[in-house]
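Novice: Next comes the sequence, and after it the predicted model I'd like to discuss.
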Amino acid sequence: MGLLAMFRRTPPTANLAKERLRIIVAQERSSRNAPDYLPLLRREVLEVIRKYVNVDPEAVQISVEKEDGHEVLEFSVALPEK
Amino acid sequence: MSEIIVVTSGKGGVGKTTTSASLACGLARRGKRVAVIDFDIGLRNLDLIMGCERRVVYDFVNVIQGDCTLKQALIRDKRLETLYVLAASQTRDKEALTPDGVRRVFDELAADGFDYIICDSPAGIEKGAHLAMYFADRAIVVVNPEVSSVRDSDRILGLLSSKTHRAEKGETKVQEHLLLTRYSPRRVATGEMMSVADVKEILGIEVIGVVPESPDVLSASNAGTPVILNAESDVSQAYEDSVGRLLGESLPLRFLEEPKKGFLARMFGG
């Protein structure tokens, strides 16, 4: 690190990396053991919803949760702000 | 019975071969009989890092296909007498690698009294990577504190828990360890790089070593001398500690903080 480097600051982005990873890794883990049809189902549900409301592709989340021995298919759709 | 250790990562260029070479040397230096195998069929590189590239006559695929004996293909290290390298094939199709073939080679190594078989995995999640991890007892997941490497490592952890012989047979699971490389304590201190704790928290497995970013790694590969053999280097000591932990020693992590520099060194670089 030379004289110039002492004045030049790189923005601290490590926390941003960590937050983004936390979300994507959790999402990928939950879909790891999920049924194969999930991505297609998600795409089709998104298309149906988009006939009525213009939502973001990210706004539709589908996951399969295991609770007390049975599986629950969970949908969550975030509607755009008015 | 020999212990099979896969060095893997998903992402390329994070230091799998450097790590395989150094851990193999470290174990051999402690008197263990070690075979280190390059699984990157078509892109042989372990031989260069180990400095034995001109002594490769037969390779892993030759052994599997019965073109030669295992003894003929194992290259004995010139520095450590209990260390042997099995090179990847440079020309053959990677389809030549089969689970049965790999198993036979491992069984023969075990019968020959090898204590450790280190499998240097290729990048990616294709056949070579799959076979490198398939029979593993332990996995060392090499990761850089960087988003794509961490994500790929998580993917690999998923495969280790589902696509290995142990997972398929319902045996005790593959023991997983994280090894961080290219770690820059200075950049962690300024918040530019994720810390060991951050990476550990995201991936949720135990850390077996942290290797600092250092020009010594390039010098070592230039020379064909595994970096662990350069005793003066921090990198060497970090790998040596990892070998100790692999053998069950409980050692604190080192090189997590930037060495203190004097005022002049900071002003003018040093």
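Specialist: Thanks, I have it.

Novice: can we go C-alpha only for contacts and neighbour counts from here?
Specialist: Will do.

Novice: What segments of chain A are strands?
Specialist: Ranges of strands in chain A, per DSSP state E, are A:60-67, A:70-77.

Novice: Which one, of the ones you listed, ends up nearest to residue B:149?
Specialist: With respect to residue B:149, and counting by C-alpha to C-alpha, the nearest of these is strand A:60-67 at 24.7 Å.

Novice: contacting residues around residue A:73?
Specialist: When the contact criterion is C-alpha atoms under 8 Å, 6 or more residues apart in numbering or on different chains, the partners of residue A:73 are A:62-65.

Novice: chain center to the lowest-mean-pLDDT helix or strand in chain A, what's the gap?
Specialist: When each helix and strand of chain A is scored by mean pLDDT, DSSP states H and E, strand A:60-67 comes last, with a mean of 79. Here strand A:60-67 is found 12 Å from its chain centre; the criterion is C-alpha atoms, centre = their mean, to the nearest Å.

Novice: Mind putting the contacts of residue A:73 into CSV with neighbour count and distance to chain B?
Specialist: Shown next, in CSV, are these (neighbours: other C-alpha atoms under 10 Å in any protein chain shown; distance: C-alpha to the nearest C-alpha, whole Å):
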residue, neighbour count, distance to chain B
A:62, 19, 20
A:63, 18, 17
A:64, 16, 17
A:65, 14, 17
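
Novice: Could you point out the longest strand of chain B?
Specialist: Per DSSP E, chain B has its longest strand at strand B:175-183.

Novice: So which bits of that strand are buried?
Specialist: Residues B:176-183 are the ones in strand B:175-183 that count as buried (16 or more other C-alpha atoms under 10 Å in any protein chain shown).

Novice: from those residues, which single one is nearest chain A?
Specialist: residue B:183 (12.9 Å; C-alpha to the nearest C-alpha).

Novice: So the closest one sits against residue B:210, correct?
Specialist: Yes: using C-alpha atoms under 8 Å, residue B:183 is in contact with residue B:210, at 6.9 Å.

Novice: remind me which residues of chain A are low pLDDT?
Specialist: For chain A, residues meeting the criterion pLDDT under 70 lie at A:1-9, A:82.

Novice: got it, and chain B?
Specialist: Applying pLDDT under 70 to chain B picks out residues B:92, B:261-270.

Novice: where exactly do the helices run in it?
Specialist: B:16-29, B:46-50, B:60-64, B:70-73, B:99-111, B:127-134, B:147-160, B:165-168, B:185-189, B:196-203, B:216-223, B:234-246, B:263-268 (DSSP state H).

Novice: quick one: contacts for residue A:71?
Specialist: Residue A:71 neighbours (C-alpha under 8 Å, 6+ apart): A:64-65.

Novice: measure it to chain B for me?
Specialist: 20 Å (C-alpha to the nearest C-alpha, to the nearest Å).

Novice: do residue A:13 as well
Specialist: From residue A:13 to chain B the distance is 5 Å (C-alpha to the nearest C-alpha).

Novice: got a list of what that residue touches?
Specialist: Contacts of residue A:13 by C-alpha under 8 Å, 6+ apart are B:191-193.

Novice: circling back: so which of the strands of chain A is nearest residue B:145?
Specialist: strand A:60-67 (28.0 Å).

Novice: Output the contacting helices and strands for the closest one.
Specialist: Secondary-structure packing of strand A:60-67 (3 or more C-alpha pairs under 8 Å, 6 or more residues apart in numbering or on different chains; DSSP states H and E): helix A:14-32, helix A:38-52, strand A:70-77.

Novice: if you set the cut-off to 6 Å instead, what comes out?
Specialist: When contacts are defined as 3 or more C-alpha pairs under 6 Å, 6 or more residues apart in numbering or on different chains; DSSP states H and E, strand A:60-67 packs onto strand A:70-77.
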